[in-house]
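Sequence and computational prediction follow.
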Amino acid sequence: MIRFVSLRLLRALVTVLAVMTFSFVVLRMSGDPAEVLLGPDVPQNVIDAFRRQWGLDAPLWRQYLSYLGAIFQGDFGLSMRDRAPALDLVLERVPATLMLTVPALILKLGIGIPAGIFAALHRDSAIDRGVIFLAILGFTIPSFVMGLVLVLIFAVTLGVLPSGGFGTWQNAILPGITISIGGIGIIARFSRSAMIEVLGQPYIRTASAKGVKWHDVVRGHALPNAAIPIVTIAGFMVGSLIAGAVVVETIFSWPGIGRLLIVSVSNRDLAVVQCILLLIAAVMVTANLIVDLLYGWLDPRLRTGTAH
Amino acid sequence: MTATNPPDLLARDDRRRPRAAIPTAVALGLGWLALMVLCAILADLLRPYDITQMDLSARLMPPLTPGHWLGTDELGRDVLSRLIQSVRVSLVIAFGATAISAAFGTTLGFLAARFRGLVEQFVVMLADFQAALPFLIMSLAVLAFFGSSMLLLVCLMGFYGWERYARIARGLAIAAGAQGYAAAVEQLGATPRRLYLGHILPNVASTLIVSMTLTFPEIILMESGLSFLGLGVQPPETSLGNMVGFGRDYLTTAPWIMLAPSVVIMITTLSISLVGDWLRDRLDPTVR
Amino acid sequence: MANLVEIRDLRVAFDGVAVLHGIGLEVAPGEALGLVGESGCGKSVTWLAALGLLPSKASIDGSVRLQGQELCNAPRSRLERVRGGRIAMIFQDPASALNPVIRVGRQLCEALRLHRGLTGAAGRAEALRLMDMVGIPDARGRFGLYPHEFSGGQCQRLMIAMALAGEPELLIADEPTTALDATIQAQILDLLARLRAETGMAVVFISHDLGAVAQVCDRVCVMYAGRIVEQGSVAQLFGHPRHPYTRGLFDAIPRLYGPRGALVPISGTVPDPRHPPPGCAFAPRCAHAHGFCATQVPRLLPQRDGRHLACAFPLPERDPQRDYEDALT
Amino acid sequence: MSALIEAEDLVRVYATRQGLFGRAVPVRAVDGVSLRVARGETLGIVGESGSGKSTLGRMLLGVDPAQGGVVRFDGAPLPDKGTPAWRALRARLQMVYQDPLAALDRRLPIARQIREPLDIHARGDDAARRARVAELMQSVGLRADQAGRYPHELSGGQRQRVVIARALACAPELLVCDEPVSALDVSIQAQVVNLLRGLRGENGLAMVFISHDLKVVRNLCDRVAVMYLGRIVEEGPVERLFAAPRHPYTRALISSVPDPGQPLKGRIILQGEPPNPAKRPPGCAFYPRCPQASGICRAELPQMRATGQGCRAACHHLDGADPVPQAA
């Protein structure tokens, strides 16, 4: 068990390190932030001074090493724009993003899983087809279209909800719905197929054959098995939530990490962009790690040794 | 051995079963996709106007205006013409990227299955890394810092979803080798080339095609998302996402600029998903 | 003695394809009935249909009575009381028939709670007794293990223990030994025979293995393509099969003793249920088939010696005079 | 009679993980097996699941590498898997599988598949290959009009005929059949057994027939080897071995075969189950279940000894304390 956990932990760390390296190399190779930040008409000596100041004149490998060294000391660098520590800038935005993504995750799981399971239990009925269709519709609508259409209906035409901004709970409704819809569809579809697969297993027939009521067969025998694959997809959801936040926060002018990323990217604010990428990668890797551990907890076949 | 599993009774020659009627939704989806492909191929002939041709006297004309059936935008450019061109651009990017991703992933998957050991470990690790990568955000950064070009966009999108093909190709090739036809063909003395290209690839093709129907709409969504954020296809070229992005400013006054491409994106991805679901049920019930 | 179960004209179809064409059979209390036939002949489907365990796309017709109580297409609640309580069933692949994420002890206790109302310590004690009874070594220590921690043979023992939990009057064993090794197979057959003697329950033993059936059963039904073609006591059928198909099955098995000559196979293959032959389903493979067989389906009719037979041109009845002469030589 | 294939002290160890968290445990699937098959001879290998009989079959073909010991085919050690020499040798060594549907490529018509070995080993020109395919199909009992069929359009028995025809295409000298009839229904099984019977000794074809079905093995084979947990425990001419088994395991195995007409009473029913190959007991692997086991069985691994009339067995209690009267 300890061996397993430490192996997974090691793999998670390697992945984060890889993302860090990858983003560092790609971003440094892509061009000179000095020119973007300072504008085109700045004399060469100012540019040189700027580069010296930010350490951009050193060879790439040295920049990388000092970057790594700094990170291990908790220093994520300074924003090139306002010279504030990048980590502070990012952390400042985290609550806003959490306010959007946490309810969205709850919504996704809370609606998606029951809908999928319900559809599986009524396989091939009109309800089932309806759920499948809605689910497919849900994840094929791009979130920016969804967002704009919602704005068009509720903010522009009906005028009942604000079209953007941050502060009151009303502000959160439209972005919350927008960010959830796709995930609900994916989870519903996945839960449905996981449940259908489980319902076809011999042990479900065994449970029925020993006289367990159908209701209890579903609850006591089918769900614990279907939960195993559903947990996986729920873990992946966490990652896509953050990606979704970028678009949604842009549409609704929501002051979260996604919005900060877009702004920093267009400003070539290296430290902030790297810090955000690192944070997101860490969240995704952690989510995957939790899924792996949950998996072992849910599936006794993985937990204990197989005798045969 | 027994009839405990009723479908087994009838499973013997499923493939020869008289073609089941295509469900209406799937038929409509196929029709729409055919229309889109035609649009993309014949874009130059179909476009009533050039996409950059401005007509400042006819700005923000609503749909159903004679000569501009889907209206015009803020510069008086014909929305229908731009839409047709956008379909072409978006489809070309999605096709190109899907092809790259499928070829890359399948090759890696086969390599992993063929050599096992370290090669396999490496491919699996790479796939894990890819799955843990915030791909949209990464590509956002890359495009922002490198500047967007069609070629870069296609290549970048081509890195999306390859791990899915790699996993499938590896899994199926190993399964085929474990006790199936691949082991049998190898035991006949076939070279790896004959084995992989002549036997395994044709056998896994249907599964790969089904997973393409999963990746394809995702790539369309991602490309349009990036273009919407202004980081994908750059003006004067146009794509579906980029049209929505620019149309957004006229959401209240001229919603058709944004709605027309939105509807096209939705119906296209919906059609592919419906067709993909149907294909999966028919060809390969094993993938999710 | 009144029959425990009576099945009359049971018909099952999947998506409009008929797989059972009117099965009629009875099981007397305490009797051991064998159901023999090749894959797809409908021997398992018969009992899955009787207990309402087929998927909903199956359409079921006919009557299944358990001491007068109709089970066929009965409401779910009635079936749920019968299943496991009065009629228990065990299946072919024991390893996948147990729920992989629930401890075996809990799976056993669930059956005890449902049919005997035993909970808590009483349930646990009874579960341990059952595990002992079916021969699980160290039942106490293995009560809390998961199914994957048991071997295939032990899983089948656990399945049997679970089936016994409701003290059923009838146990349906659907190919219980097919997936097991020869020496384990012998253990399970032995266990089934012993339990039947101890509890007095009736057993329906479904198998493609004529040898296994002969060892545990009193009476045998031979099925082919969704119909019973011959039915009689083990001695009758195994001593002197009269349906050409039954005879063919015996001739096709290599022997463990005696000469090692070429086998006598049945030519051809089982008909596709979607395109059944118009007459007797066995006619295309039958050496005795005449014109009549190709057009008319023979009915299952009682014979003078008590067996039932569905064949227009059966093998001749045993001639007592010839038996006598054989005995002399 | 010279040996066509000869195995000496074969060992195959693989690592199995006990659950996701466990560490790898070495399992000796095949543990010191020696055997020889002469040209034209049919050797049966019987045993229960986990006895290593299928692994042994693949090792004889050089598909699974041996960690110890050597396989000699026609006097020369088998080349390494995947080398051109190994591939070329496939024309002489062929295999028939348990599940013919899995062993055939679902996307190719059967005639193409029967022809494939001829293409691979470049036998004859196009016309010769066509003729050979027609000849093979006829010899295994497939109709010419079935040439264009796909595997899933055939019945199980017909598929197995296709697999056999493909294996015979280059006229191999050795055919390893791994449970070729156990997935088939009784009536079809007999058809395939008869087909294999017809091949025995034809042009000196030798066969290794791996099966858990003792009745089929007895019907088909000249000699039989009984395996238990990776080792051969008894070996000999088939009639002799079935009539007077010497090893207690062989005796129990033969006794456990349900035969119509043979009552359940009086059969030897072994207690317990075969031990997990990963936890092989020291000494004789069979002692925990053996009715005759004594102290020596626990401590010492019995060696194969001749028991007369071409039979050999590995048991400490072959002489003296043997309760079953011997025919010899």
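Here it is on my side, so go on.

remind me, longest helix of chain B?
helix B:79-115 (DSSP state H).

Could I get the buried residue list for it?
B:79-91, B:93-98, B:100-102, B:104-114 (16 or more other CB atoms under 10 Å in any protein chain shown). Yep, even glycine has a C-beta here, placed from its N, CA and C like the rest.

go on, stretch C:155-169?
Counting neighbours by 16+ other CB under 10 Å, stretch C:155-169 gives C:155-166, C:168-169 as buried.

thinking again about what came up before, which SSE is immediately downstream of the longest helix of chain B?
helix B:117-132 (DSSP states H and E).

and that following helix, how far out from the chain's middle?
23 Å (CA atoms, centre = their mean, to the nearest Å).

what pLDDT, on average, does that helix get?
Averaged across helix B:117-132, pLDDT comes to 82.

Could I get the pLDDT score of A:Thr42?
I think there's a mix-up here, since residue A:42 is Val and not Thr. A:Val42 is given a pLDDT of 76.

So what's the residue count around residue 43?
Picked chain A for this. 9 (other CB atoms under 10 Å in any protein chain shown).

wrong chain, I was asking about chain D
D:Leu43 - counted by other CB under 10 Å - has 24 other residues nearby.

for A:Val26, same thing?
A:Val26 has 15 nearby residues by other CB under 10 Å.

host element of it?
Assigned by DSSP H and E, A:Val26 falls in helix A:2-29.

what's the weakest-modelled helix or strand in the chain?
Looking at chain A here, since you left the chain open. Least confident element among the helices and strands of chain A, by mean pLDDT, DSSP states H and E: helix A:33-38 (a mean of 67).

Hmm, no, I was thinking of chain C.
helix C:320-328 (a mean of 56).

Below-threshold pLDDT in chain D: ranges please.
D:1, D:16-24, D:260-266, D:320-328 (pLDDT under 70).

Against the centre of it, work out the most remote residue.
D:Ala127 (35.2 Å; CA atoms, centre = their mean).

Check the burial of residue 300 by counting its neighbours.
Since no chain was named, I'll use chain A. Counted with other CB under 10 Å, A:Pro300 comes out at 18.

actually chain D
What D:Glu300 shows, counting by other CB under 10 Å, is a neighbour count of 12.

still on that earlier bit, what's the next secondary structure element after whichever strand or helix holds the residue farthest from the centre of chain D?
Secondary-structure element containing D:Ala127, defined by DSSP H and E: helix D:126-140. Sequence order places helix D:156-168 as the next helix or strand after helix D:126-140, per DSSP H and E.

immediately after that following helix, which helix or strand?
strand D:174-178.

In that following strand, which residues are buried?
Quick answer for strand D:174-178 (16+ other CB under 10 Å): D:Leu174, D:Leu175, D:Val176, D:Cys177, D:Asp178.

Tell me the residue of chain C that sits nearest chain D?
Closest to chain D within chain C is C:Gly211: 3.0 Å, counting by CB to the nearest CB.

and that residue, what element?
Residue-wise, C:Gly211 maps onto helix C:210-216 under DSSP H and E.

Tell me the helices and strands packed up against that helix.
Here helix C:210-216 touches strand C:32-36, helix C:182-199, strand C:202-207, helix C:234-239, going by 3 or more CB pairs under 8 Å, 6 or more residues apart in numbering or on different chains; DSSP states H and E.

D:Met207 belongs to a helix?
No - applying DSSP: H, G, I helix; E, B strand; the rest coil, one finds D:Met207 to be strand, outside a helix.

From D:Arg200, how far out is it?
According to CB to CB, to the nearest Å, D:Met207 stands 6 Å off from D:Arg200.

which residue does chain C bring closest to chain B?
For chain C, CB to the nearest CB, closest residue to chain B: C:Ser44, 4.5 Å.

Let me know the next secondary structure element after the helix or strand where that residue lies.
Take DSSP H and E as the rule and C:Ser44 turns out to sit in helix C:43-50. Downstream of helix C:43-50, the first helix or strand assigned by DSSP H and E is strand C:58-66.

is chain B contacted by that next one?
Yes - residues of strand C:58-66 contacting chain B under CB under 8 Å from any CB of the partner chain: C:Ala58.

Packing partners of that strand?
strand C:5-14, helix C:43-50.

wouldn't the residue of chain C closest to chain B be in contact with C:Phe205 here?
No - under the criterion of CB atoms under 8 Å, C:Ser44 is not in contact with C:Phe205, lying 11.8 Å apart.
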